[in-house]
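structural data only, the sequence is not supplied:
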């Protein structure tokens, strides 16, 4: 893992800001700061949409630091101007709540728990291509949002492991118990079983109702996606994130004692339903960890991520922390599952 250093920068100029490069071997994220004498208006930077798209495709993530942004409304406007309207959070797996239109808390996960690297909503039939974070208030201690290049993660994984997943894919299994974990009413944002069934049918999700208002689902998804612009292969999935072995040891023990493998609130398998070997999960975990970079949040920071190119996570923290998230640019798996553009 690498901690980025924002010193010793070279620069090239945008219309209303300067682009600072750390070196030719730059680590994530790329940092853009306002040049001296500029207005520092983040919405003016959003007008550089074409150049921002080029930079984002090259680097995968851009950190906007030192611009004038002090509210969630401006953050929402930046998303709309630089990409598309912020998306509604559907098929939920992470606890979060809306704070303004489709701007959400990044997560309501307990502050003492770490969140493993992942690609936002890669388990959905369609997913956001852009993820934006806005730091209202950094934590007193910890709370970083680690990043990792999914292209480099793909290359780190042994070819024989990649080949197997690319042949059989992976299976994401969910069990929505009413006494533990996420309830289906929360995940699908409805009290109607008919709406849940319709959503599952439309999104290639197998479902089975259980006694006591419980629901079991599974969906088979690809592990490799090909970027719609650069066509590079990316390790784009939740196969590692939702596997039991990626949880902290205490939580693993509790769940293993409480559920059979096919009854866990979240679990991943090979696409044919067989279990993924622990050593394979460990190999995948190491690939993420070896590519991780971090930076310390500052109030007013805005982070723009290409969701296919770069994964993200969260460090545990102490003290009050407020980081908001917005997602945009809906993309269909069917358009990125093949190395040959459709």
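Structure received. Because the structure is a prediction, the values reported are computed rather than measured.

show me where the stretch 1-150 of the chain has its helices.
Shown for the stretch 1-150 of the chain, the helices assigned by DSSP state H, counting those that start in this stretch span residues 42-45, 49-59, 72-82, 150-156.

swap that for the stretch 151-300 of the chain, please
159-168, 184-187, 193-202, 249-258, 278-290.

returning to what we had before: out of the helices of the stretch 1-150 of the chain, the one nearest residue 208 is which?
helix 150-156 (32.2 Å; C-beta to C-beta). For glycine as for every other residue, the C-beta is placed from the backbone atoms N, C-alpha and C.

low pLDDT regions in the chain?
1-26, 91-95, 341-342 (pLDDT under 70).

any idea how far residue 293 is from the residue nearest in space to the middle of it?
Centroid-nearest residue in the chain: residue 120, 2.9 Å away (criterion: C-alpha atoms, centre = their mean). Distance, residue 120 to residue 293, by C-beta to C-beta, to the nearest Å: 18 Å.

for residue 204, same thing?
34 Å.

try residue 206
From residue 206 to residue 293 the distance is 37 Å (C-beta to C-beta).

more crowded one of these two?
residue 293 (19 against 13; other C-beta atoms under 10 Å).

that one bridge partners, please.
In this entry, residue 293 is beta-bridged to residue 2, residue 147, by DSSP bridges.

please enumerate the strands of the stretch 1-150 of the chain.
2-3, 10-13, 18-21, 30-33, 61-64, 98-100, 103-105, 115-118, 126-137, 141-142, 147-149 (DSSP state E, counting those that start in this stretch).

dump the ones you listed into TSV; add distance to residue 232 and mean neighbour count as well.
Formatted as TSV, the strands of the stretch 1-150 of the chain follow (distance: least, C-beta to C-beta, whole Å; neighbours: other C-beta atoms under 10 Å):
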stretch	distance to residue 232	mean neighbour count
strand 2-3	21	12
strand 10-13	24	10
strand 18-21	21	17
strand 30-33	17	22
strand 61-64	15	24
strand 98-100	33	14
strand 103-105	29	20
strand 115-118	18	21
strand 126-137	14	22
strand 141-142	32	14
strand 147-149	10	25
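
residue 267: which of these is closest?
Here strand 115-118 is closest among the strands of the stretch 1-150 of the chain (C-beta to C-beta), at 14.4 Å.

just checking, residue 33 touches residue 65?
Yes: judged on C-beta atoms under 8 Å, residue 33 makes contact with residue 65 at a distance of 5.3 Å.

so what's the residue count around residue 157?
Neighbour tally, residue 157, other C-beta under 10 Å: 20.

so who does it touch?
Contacts here follow C-beta atoms under 8 Å, 6 or more residues apart in numbering; on that basis residue 157 touches 235, 283-284, 287.

apply 6 Å and report the result again.
residue 287 (C-beta atoms under 6 Å, 6 or more residues apart in numbering).

if we can go back for a sec, residue contacts, the residue nearest to the centre of the chain?
With C-beta under 6 Å, 6+ apart, residue 120 has these contacts: 131, 307.

quick check: the gap between it and residue 186.
According to C-beta to C-beta, residue 120 stands 18 Å off from residue 186.

and for residue 268?
Distance from residue 268 to residue 186, by C-beta to C-beta: 21 Å.

look at these two and report which has more neighbours.
Taking other C-beta under 10 Å, residue 268 and residue 186 do not tie; residue 268 has more neighbours (26 against 13).

and for the nearest residue in space to residue 52 that is not next to it in sequence, the neighbour number?
Among residues not flanking residue 52 along the chain, residue 82 sits closest, at 6.1 Å (C-beta to C-beta, 6 or more residues apart in numbering). For residue 82, the neighbour count with other C-beta under 10 Å is 24.
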